[in-house]
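1. No letters, just coordinates:
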């Protein structure tokens, strides 16, 4: 995701997205319903 997209958002949510993260998406949907611009940035654990 480009930094310009992150800079234009009201709230940046970071979380695991290996499978659809329903909790994070529910929070984003609630905040968007209140008129906020939300961006979800996937968290990637580089350690294996």
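-> That came in fine, so what should we check first? Quantities reported herein were computed from a predicted structural model and do not represent experimental measurements.

2. For residue 46, see how far away residue 27 is.
-> For residue 27, the distance to residue 46 (Cβ to Cβ, to the nearest Å) stands at 25 Å. To be clear about C-beta, it is placed using only N, CA and C from the backbone, and glycine gets the same treatment.

3. And the pLDDT at the closest residue to residue 10 other than its chain neighbours?
-> Of all residues not flanking residue 10 in the chain, residue 36 sits nearest, at 4.2 Å (Cβ to Cβ, 6 or more residues apart in numbering). Looking at residue 36, its pLDDT stands at 97.

4. now do residue 2
-> The predicted structure scores residue 2 at 54 on the pLDDT scale.

5. On the three-state scheme, the residue nearest the centre of the chain is what?
-> Nearest to the mean C-alpha position of the chain, counting by Cα atoms, centre = their mean, stands residue 40 at 1.4 Å. The three-state label for residue 40, taken from DSSP: H, G, I helix; E, B strand; the rest coil, comes out as strand.
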